[in-house]
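Okay, here's the prediction I keep looking at, along with the sequence it came from:
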Amino acid sequence: MRGGFAKQTRTPPAGAIETDPFSLFSRFFKKSSPSEQTTARASARVPAGTRVYAVGDVHGRSDLYDQVAEWVASDLASDSIPAVTIFLGDYVDRGRDSSGVLERLSSGAFPTEITTLSGNHEEMLLKFLDDESQLDSWRRYGGLETLHSYGVSVADVMRGQNFDVARDELAARLPNKHLDFLKNLSLTAEIGDYYFCHAGVRPGVALADQESADLLWIRGEFLNHPDSFGKRVVHGHTPVEKPELRANRINIDTGAFVTGALTCVALDDDRVRFFTTK
């Protein structure tokens, strides 16, 4: 596992944020299917006798977080296998209860041990706390919903005014344990043949040498790469209608904040199972 999350001042890599991810949802605005679990086999493995869960982009949907927690608890009820759950980032923004999601995660409220990775939305929140001008960008990516979840007035912000007042109010209202949680997120995790990160990795660069801008923001170069990255990458960041299982990667961002479909993947030996909320 890589070290803790460090705030970055570099811009995302070229092509990483060519479009607001919200626009991608227009391709599948339709009712999600009921909660379901699917199973597949894969050549990649986790160590025998262990189970690894990974959860996609929560984006302020504490209600869906709770559903996944209930499913994991139920899934583990029939055996006592050691398990860990890796959250892939983007806990805040867009959904109505970012503060509730951070409260759950910072308190360790989950049926297993958890490893929490940073997403690009956590990076934007931290940058705003250091520089109020960052809100001009962040508010277009769901930052207003996060501010509102902490009781910060967004009336002036919606008019492009008083960003400094909103920053100071958020800093005063943000619990210390939420801030500590955000500042200590990791960028990656590795277990067995799997590599976990928020957005993806840059092809041709060793996994140990990946840069944070790519890990948090990359899209096209990573998503279109047909060959192995050295390990199978489990990621979110780019919303898809249903989980993508490919030889070199697994995408579990199913657009939870708008579709109501939050996906969890369970890895046992070479078995891959998906659970998606309603």
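Nice, thanks for sending it over.

So R219 is in contact with A199, correct?
Yes - here R219 lies in contact with A199, judged by CB atoms under 8 Å, at a distance of 7.0 Å. Where you see a C-beta, it was placed from the backbone N, CA and C, and this is true even at glycine.

Give me the more crowded residue out of those two.
A199 (26 against 21; other CB atoms under 10 Å).

I'd guess E70 is in a strand, am I close?
No - judged by DSSP: H, G, I helix; E, B strand; the rest coil, E70 forms no part of a strand; its state is helix.

tell me, how many neighbours does it end up with?
When neighbours are counted by other CB under 10 Å, E70 comes out with 12.

now do D253
28.

Not counting residues beside it along the chain, what's closest to it?
G236 (3.6 Å; CB to CB, 6 or more residues apart in numbering).

ok, that neighbour touching G119?
Yes - between G236 and G119 there is a contact under CB under 8 Å: 7.2 Å.

does the residue most central in space within the chain count as helix, strand or coil?
Residue closest to the mean C-alpha point of the chain, counted by CA atoms, centre = their mean, is G89 at 2.5 Å. Secondary structure state of G89, per three-state DSSP, is coil.

ok, for it, nearest residue in space, not its chain neighbours?
G89 sits nearest to G119 (CB to CB, 6+ apart), 2.6 Å away.

okay, now that neighbour: neighbour count?
30.

list the contacts for the residue nearest to the centre of the chain?
57, 116-122, 185, 198, 216, 236-237 (CB atoms under 8 Å, 6 or more residues apart in numbering).

Let's see that with 6 Å instead.
Residues in contact with G89 (CB atoms under 6 Å, 6 or more residues apart in numbering) are 117-119, 198.

what about the residue nearest to V154 when sequence neighbours are not counted, which SS state?
Spatial nearest neighbour of V154, excluding adjacent residues (CB to CB, 6+ apart): L144 at 4.8 Å. At L144 the chain is in helix, as set by three-state DSSP.

The chain should start at 217 in everything you say after this.
That works, and once the first residue is 217, the last one we named lands at L360.

my read: L360 touches S369, true?
No - here L360 lies out of contact with S369, judged by CB atoms under 6 Å, at a distance of 10.4 Å.

Which one's more surrounded, the two?
L360 (19 against 13).

Enumerate every residue touching T328.
By CB under 6 Å, 6+ apart, the neighbours of T328 are 299-301.

will you turn those into CSV that also has neighbour count?
Shown next, in CSV, are the contacts of T328 (neighbours: other CB atoms under 10 Å):
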residue, neighbour count
A299, 19
V300, 16
T301, 21
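
with those residues in mind, which one is nearest to R465?
Here the nearest of those to R465, counting by CB to CB, is T301; it sits at 19.1 Å.

What does that closest one show for phi and psi?
phi -120, psi 130 (degrees, to the nearest 10).

Give me the pLDDT for Y366.
pLDDT, Y366: 98.

Columns distance to D346, secondary structure and pLDDT on top of the contacts of G305, output as JSON lines?
Listed next are the contacts of G305 as JSON lines, based on distance: CB to CB, whole Å; DSSP: H, G, I helix; E, B strand; the rest coil; pLDDT from 0 to 100:
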{"residue": "L333", "distance to D346": "21", "secondary structure": "strand", "pLDDT": "98"}
{"residue": "S334", "distance to D346": "15", "secondary structure": "coil", "pLDDT": "98"}
{"residue": "G335", "distance to D346": "18", "secondary structure": "coil", "pLDDT": "98"}
{"residue": "H414", "distance to D346": "20", "secondary structure": "coil", "pLDDT": "98"}
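
Using TSV, please lay out these together with distance to W354.
Shown next, in TSV, are the contacts of G305 (distance: CB to CB, whole Å):
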residue	distance to W354
L333	19
S334	15
G335	13
H414	17
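
which among these end up buried?
Buried subset of the contacts of G305 (neighbour count, 16 or more other CB atoms under 10 Å): 333-335, 414.

how about stretch 399-418: buried residues?
Buried positions in stretch 399-418, judged by neighbour count with 16+ other CB under 10 Å: 401-405, 407-418.

can you give me how far that stretch is from the chain middle?
Offset of stretch 399-418 from its chain centre (CA atoms, centre = their mean, to the nearest Å): 11 Å.

now stretch 278-285
Distance, centroid of stretch 278-285 to centroid of chain: 14 Å (CA atoms, centre = their mean).
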